[in-house]
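In: here you go, sequence then predicted model.
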Amino acid sequence: MNANHTTDQELLSEFMNGSNAALELLIKRYERKVYTYILMMVRKPHLAEDLMQETFVKAIRSLKEGRYSENNRFQSWLMRIAHNLAIDHFRQNKQYREISNDDYSADLFNTPRFSDMNVEQTLVYNRVLTEVRMLIEKLPDDQKEVIMLRYYADLSFKEIADLTNVSINTALGRMRYALINLRKTVKENNMSLELGI
């Protein structure tokens with residue numbers, strides 16, 4: 001089985017015919033994306049890990065019970081499950097996200113581009129990340145959601161539209177207004193989001 005050339009639908013069919021290897025490939029294909037999206041919502045790695053596992057458990061149960069009917073849209077369906085579980089978590093626990101300078105660590109964003117930063121550059125980078133995240137938190141919920149789905153979960157606008165049950169034009173419009181609002185806030189507060197690296 002060539003994982004790179006096998007479609008989600010083919011893997012789903014193989015899983016429904018008893019192939020655990022097909023299921024493992026599906027999980028491997030999407031676990032990072034699901035985890036990253038949930039982490040950006042809940043901001044706690046252990047909780048994000050738990051909710052990611054719960055996402056896959058719920059998806060597998062739904063598949064086994066024959067409740068998956070969205071042909072060729074497995075990723076959107078999976079992300080919708082993750083999104084709903086994160087929202088349910090906040091509702092049940094009545095938790096509201098707080099912004100903290102401790103929310104991000106350098107290793108969360110460990111990429112070769114930033115691996116050789118000196119201490120000052122690392123501090124500036126972390127400050128910029130925190131400030132951007134604070135700005136995103138101030139956006140209206142629909143605009144915040146599209147920013148997170150696009151930049152943190154790396155979804156296409158079609159996938160975002162499917163996940164949020166809106167048209168692609170609405171998703172694009174929300175992104176446009178979110179970026180306008182972010183630029184306006186940065187300008188009004190004379191903020192500098194330069195990384196200087």
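Out: Perfect, I can see it now. Numbering: from 1, shown residues only.

In: hey, which helix is longest across this protein?
Out: helix 20-42 (DSSP state H).

In: for that one, list the C-alpha coordinates in PDB.
Out: The C-alpha coordinates for helix 20-42 follow below in PDB (Å, rounded to 0.1, in the frame of the first residue of the first chain):
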ATOM      1  CA  ASN A  20      -6.000  -1.700  10.600                       C
ATOM      2  CA  ALA A  21      -3.000  -0.600   8.500                       C
ATOM      3  CA  ALA A  22      -5.300   1.600   6.500                       C
ATOM      4  CA  LEU A  23      -6.600   3.200   9.700                       C
ATOM      5  CA  GLU A  24      -3.100   3.800  10.900                       C
ATOM      6  CA  LEU A  25      -2.200   5.600   7.700                       C
ATOM      7  CA  LEU A  26      -5.300   7.800   8.000                       C
ATOM      8  CA  ILE A  27      -4.400   8.700  11.500                       C
ATOM      9  CA  LYS A  28      -0.700   9.400  10.600                       C
ATOM     10  CA  ARG A  29      -1.900  11.500   7.700                       C
ATOM     11  CA  TYR A  30      -4.000  13.900   9.900                       C
ATOM     12  CA  GLU A  31      -2.800  13.600  13.500                       C
ATOM     13  CA  ARG A  32      -0.400  16.600  13.300                       C
ATOM     14  CA  LYS A  33      -3.000  18.800  11.600                       C
ATOM     15  CA  VAL A  34      -5.700  17.900  14.100                       C
ATOM     16  CA  TYR A  35      -3.300  18.300  17.100                       C
ATOM     17  CA  THR A  36      -2.100  21.700  15.900                       C
ATOM     18  CA  TYR A  37      -5.600  23.000  15.400                       C
ATOM     19  CA  ILE A  38      -6.800  21.800  18.800                       C
ATOM     20  CA  LEU A  39      -3.700  23.200  20.500                       C
ATOM     21  CA  MET A  40      -4.300  26.600  19.100                       C
ATOM     22  CA  MET A  41      -7.800  26.500  20.600                       C
ATOM     23  CA  VAL A  42      -7.100  25.000  24.000                       C
END
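
In: need the next SSE after that helix, C-terminal direction.
Out: Sequence-wise, the next helix or strand downstream of helix 20-42 (DSSP states H and E) is helix 45-64.

In: distance from the chain centre to the helix or strand that that following helix is followed by, please.
Out: Once helix 45-64 ends, the next helix or strand along the chain (criterion: DSSP H and E) is helix 74-93. Distance of helix 74-93 from its chain centroid, counting by CA atoms, centre = their mean, to the nearest Å, is 11 Å.

In: measure how helix 74-93 sits relative to helix 45-64, angle-wise.
Out: 120 degrees (axes from the mean of the first three to the mean of the last three CA atoms, to 10 degrees).
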